[in-house]
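**Q** A predicted structure for the sequence below; I have some questions about it.
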Amino acid sequence: MISLPRLFQCLKNPIFARLYAAQAINLIGDALTWLGLALLAFELAGDGAGLILSGALTLRVTAYVVLSPLAGAIADRVDRRRIMVATHLARMSIVCLLPFVTQPWQLYALVLTLNVFSAFFTPTYTATIPLVATQEEYPQAIALSSATYQLLGVLGPGLAGSIAAFVGTRQVFFLDGLTFLIAAFLVLTLPRHLLVTPN
């Protein structure tokens, strides 16, 4: 039997493996979102698309800076599984509205709302890892999650572009919504309170 590289040993833990899969699918969804937004901005404004995207990115960063600390505090008091499922389902609903956008202000409003929920998911996911990984698995789990984040940050737009070439500019958002639905389902398969008894 082939042994997994050390970085991937934590995936032998089926609970962490499902949480990690939800994160990876979530990151693919994010890549689809931002590629779709770029294409949509160009469709709406042509040469002014850069201005729209810069505004959208400003809203994204603002939501993260303002809300991430609050999200971390809430994650310590509320069932993290519920938070992650709720943020996935909310983002699924929001991205499925994006194909119907006809004005830049509508895009701004949806992007801000979308990133409010994204700002709650990321710190909650990070705070959940210690609850689903043992002490020995934790360093590998954090390293694998960070590596996946960085890798999909580089490769995600290319993957998303290939997908968009087949399904179309606005239709890519429906596929995007599907990724969030799948991620929500994976989180739902985790233990109710995300507590793991060490062996």
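**A** Thanks, I have it. Numbering: from 1, shown residues only.
**Q** which residues of the chain score low on pLDDT?
**A** Counting by pLDDT under 70, the chain contains low-confidence residues at 1-5, 72, 193-199.
**Q** For the residue sitting nearest the centre point of it, what is the enclosing helix or strand?
**A** Nearest residue to the geometric centre of the chain (Cα atoms, centre = their mean): Asn26, 3.4 Å. In the assignment (DSSP states H and E), Asn26 maps to helix 14-45.
**Q** List the buried residues of the very next helix or strand once past that helix.
**A** Following helix 14-45 in sequence order, the next helix or strand is helix 49-75 (DSSP H and E). The neighbour-count check on helix 49-75 (16 or more other Cβ atoms under 10 Å) flags 49, 52-53, 55-56, 59-60, 63-64, 67-68, 71, 74-75 as buried. From N, CA and C alone the C-beta is placed, and that goes for glycine too.
**Q** If you count contacts, what does helix 49-75 end up packed against?
**A** Judged by 3 or more Cβ pairs under 8 Å, 6 or more residues apart in numbering; DSSP states H and E, helix 49-75 is in contact with helix 14-45, helix 80-95, helix 104-132.
**Q** Confirm for me that the residue nearest to the centre of the chain is in contact with Ala183.
**A** Yes. At 4.8 Å, Asn26 and Ala183 qualify as touching, with contact defined as Cβ atoms under 8 Å.
**Q** Tell me the secondary structure of Arg77, please.
**A** Assigned with DSSP: H, G, I helix; E, B strand; the rest coil, Arg77 falls in the coil class.
**Q** Please report the distance of it from Leu89.
**A** As for Arg77, its distance to Leu89 is 21 Å (criterion: Cβ to Cβ, to the nearest Å).
**Q** which of those two has more neighbours?
**A** Leu89 (16 against 7; other Cβ atoms under 10 Å).
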